[in-house]
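# Sequence and predicted structure below; questions after.
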Amino acid sequence: QVQLVESGGGVVQPGTSLRLSCAASGFTFRSHGMHWVRQAPGKGLEWVAVIWYDGSDAYYADSVKGRFTISRDNSKNTLYLQMNSLRAEDTAMYYCARDRSWPASWFDYWGQGTLVTVSS
Amino acid sequence: QSALTQPPSASGSPGQSVTISCTGTSSDVGGYNYVSWYQHHPGKAPKLMIYEVTKRPSGVPDRFSGSKSGNTASLTVSGLQAEDEADYYCSSYAGSNSVVFGGGTKLTVL
């Protein structure tokens, strides 16, 4: 069955960096675009970034553009999110999600999330 | 990339129907038939309930239905059941390779 398992979250100080991973299994990873979506405490979901199935292109929310980089290693069935210059407002649960159809942008499988806390 | 507008809460008794709205603009909800709805129980992975405005994934009960009129999309849950109690989020393609979510609606089954 399809599984997405995020890891790499933790408590970090403002201005520092963190890399999240999302290990995929149960499907042909290299055939699907992938997304990161986050949820700040007490807030709604916020789309963060998308990467094409082959890694050839990526797009970001304005709130993270220039600071976050989404990437993937199709040989390892793994999605990444490199987060630099972290701010308190980046504190959130981060989910990876599989794209089923772009630009229809519906996410048919999600992971359970990994928590990132940015605090001094 | 402003969030879509959803009511913070909605409620209904078992067996009743409830409709949750999701209002955007002509640049997102109104501009594309690419609205999705997700059910989210805290601590769990969000679950896709509706995609492309009206389509239901395999395994989602037909008690869940979606529609759209202009810049507002709606999710209707008929025959409410206790397990439907959750947070519900809409999302829409917003052009320029971006996606926007709604603020979420907490559905309470009375």
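Received, thanks. Quick caveat, the model's predicted, so the values are computed rather than measured.
# Report the rounded mean pLDDT for stretch B:55-62.
For stretch B:55-62, mean pLDDT is 96.
# hmm, it in reach of chain A?
Yes. Counting by Cβ under 8 Å from any Cβ of the partner chain, chain A is contacted by stretch B:55-62 at B:Pro57. C-betas here are computed from N, CA, C, even on glycine.
# and that stretch, how far apart are its ends?
Stretch B:55-62 has an end-to-end distance of 10 Å (criterion: Cα to Cα, to the nearest Å).
# What lies in contact with it?
Here stretch B:55-62 makes contact (Cβ atoms under 8 Å, 6 or more residues apart in numbering or on different chains) with A:108, B:48-51, B:64-66.
# Which ones among the residues you listed map onto strands?
A:108, B:48-50, B:64-66 (DSSP state E).
# Can you show me the CA trace of the longest strand anywhere in chain B as PDB?
Counting residues, the longest strand in chain B under DSSP E turns out to be strand B:86-93. Only the C-alpha atoms of strand B:86-93 are listed here, as PDB (Å, rounded to 0.1, in the frame of the first residue of the first chain):
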ATOM      1  CA  ALA B  86     -13.300  16.300  11.800                       C
ATOM      2  CA  ASP B  87     -11.700  19.300  10.200                       C
ATOM      3  CA  TYR B  88     -12.500  19.900   6.600                       C
ATOM      4  CA  TYR B  89     -10.300  21.900   4.200                       C
ATOM      5  CA  CYS B  90     -10.900  23.000   0.600                       C
ATOM      6  CA  SER B  91      -8.100  23.700  -1.800                       C
ATOM      7  CA  SER B  92      -7.900  25.100  -5.300                       C
ATOM      8  CA  TYR B  93      -5.400  25.500  -8.100                       C
END
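# Could you please name the strands the helix or strand just after it pairs with and the direction of each pair?
For strand B:86-93, the following helix or strand on the C-terminal side (DSSP states H and E) is strand B:99-101. Neighbouring strands of strand B:99-101 in its sheet, by DSSP bridges, are strand B:86-93 (antiparallel).
# any idea of the mean pLDDT in the partner strand?
The average pLDDT within strand B:86-93 is 97.
# got the residues of chain B near chain A?
Within chain B, the positions near chain A by Cβ under 8 Å from any Cβ are B:1, B:3, B:6, B:32, B:34, B:36, B:38, B:40, B:44-48, B:51-52, B:57, B:89, B:91-93, B:96-104.
# remind me, longest strand of chain A?
Counting residues, the longest strand found in chain A (DSSP E) is strand A:92-101.
# which other helices and strands contact that strand?
Counting contacts by 3 or more Cβ pairs under 8 Å, 6 or more residues apart in numbering or on different chains; DSSP states H and E, strand A:92-101 is packed against strand A:3-7, strand A:18-25, strand A:34-39, strand A:45-51, strand A:78-83, strand A:106-110, strand A:114-118.
# Would you enumerate the residues in contact with the residue sitting furthest away from the middle of chain B?
Ranked by distance from the centre of chain B (Cα atoms, centre = their mean), the top residue is B:Ser96, with 22.2 Å. By Cβ under 8 Å, 6+ apart, the residues touching B:Ser96 are A:Tyr59.
# Quick one: buried ones out of the residues of chain B next to chain A?
The neighbour count (16 or more other Cβ atoms under 10 Å in any protein chain shown) marks B:1, B:3, B:6, B:32, B:34, B:36, B:38, B:40, B:45-48, B:51-52, B:89, B:91-93, B:98-104 as buried among these.
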